[in-house]
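Visitor: What follows is a predicted protein model with its sequence.
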Amino acid sequence: AQKITQTQPGMFVQEKEAVTLDCTYDTSDQSYGLFWYKQPSSGEMIFLIYQGSYDEQNATEGRYSLNFQKARKSANLVISASQLGDSAMYFCAMRETGGFKTIFGAGTRLFVKA
Amino acid sequence: DSGVTQTPKHLITATGQRVTLRCSPRSGDLSVYWYQQSLDQGLQFLIHYYNGEERAKGNILERFSAQQFPDLHSELNLSSLELGDSALYFCASSFLGQGNTEAFFGQGTRLTVV
């Protein structure tokens, strides 16, 4: 069965520093997509970045990059040059390519300190 | 703005009642997903529709039902409401439904059952 694990309930980072949010997943499928979403205190879910299981290069989107290690089944989100506005909940998610169900991890709450 | 519209934003209703949540996907998107976010259960996938057809079911109660109409908007019907149904209900849409396409979320409908 699919499973997403985010082991860090909360993280602190100093403004302008980089931070890594951990995500491990479990699936028996070879083809799947991994996603990260940000949920600020206002509640909306904001798509950040996507990584396909067959993508050879790590995905990057601006200050966000995904450290994808397929053999270890990990898909960590790296946020560079943290900003105060990065304070939010971050969710890792997975969807198998042949299926239509997306599962989410429990989330990591990131606090950026000035 | 993700382009996904959910109405209403807030809903307060009594136990035993029935409510309908509405979702308009982004222009051109064929897939609609419904999620429930509660403090104790996290983000739970409820159901997925693609071009009017149900494609996947998650942890959706029998008291809940959904449909996607020919114009691609979707409705989630919640009946015989219980206190535990209080949650934030998200709709998300994507062009296709496979694992390699990101889904964009609406602002959510916050349901409070009293």
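Guide: Structure's in. What do you need?

Visitor: From here on, just use CA atoms for contacts and neighbour counts.
Guide: OK.

Visitor: burial count for residue B:28?
Guide: Here the count is done by other Cα atoms under 10 Å in any protein chain shown, and residue B:28 has 11 residues near it.

Visitor: Show me where the chain has its strands.
Guide: Defaulting to chain A. Counting by DSSP state E, chain A has strands at residues A:3-5, A:10-14, A:19-21, A:24-26, A:32-39, A:46-52, A:60-61, A:64-69, A:74-79, A:88-96, A:102-104, A:108-113.

Visitor: look at chain B instead
Guide: Read by DSSP E, chain B holds these strands, from start to end of the chain: B:5-7, B:10-13, B:19-24, B:31-38, B:42-50, B:53-57, B:64-68, B:74-78, B:87-94, B:104-105, B:109-113.

Visitor: Go ahead and measure how far the fourth one is from the middle of the chain.
Guide: Its chain's C-alpha centre and that of strand B:31-38 lie 4 Å apart, by Cα atoms, centre = their mean, to the nearest Å.

Visitor: Quick check: buried residues in it?
Guide: Of the residues in strand B:31-38, B:31, B:32, B:33, B:34, B:35, B:36, B:37 count as buried by neighbour count, 16 or more other Cα atoms under 10 Å in any protein chain shown.

Visitor: got CSV for the residues you listed, with distance to residue A:33 too?
Guide: Supplementary listing: those in CSV, determined by distance: Cα to Cα, whole Å:
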residue, distance to residue A:33
B:31, 16
B:32, 17
B:33, 16
B:34, 18
B:35, 18
B:36, 21
B:37, 21
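
Visitor: quick revisit: hey, least reliable of the strands of chain A by pLDDT?
Guide: When the strands of chain A are compared by mean pLDDT, strand A:102-104 comes last with a mean of 87.

Visitor: Show me what that one packs onto, helices and strands only.
Guide: Packing contacts for strand A:102-104, counted by 3 or more Cα pairs under 8 Å, 6 or more residues apart in numbering or on different chains; DSSP states H and E, involve strand A:3-5, strand A:88-96, strand B:42-50.
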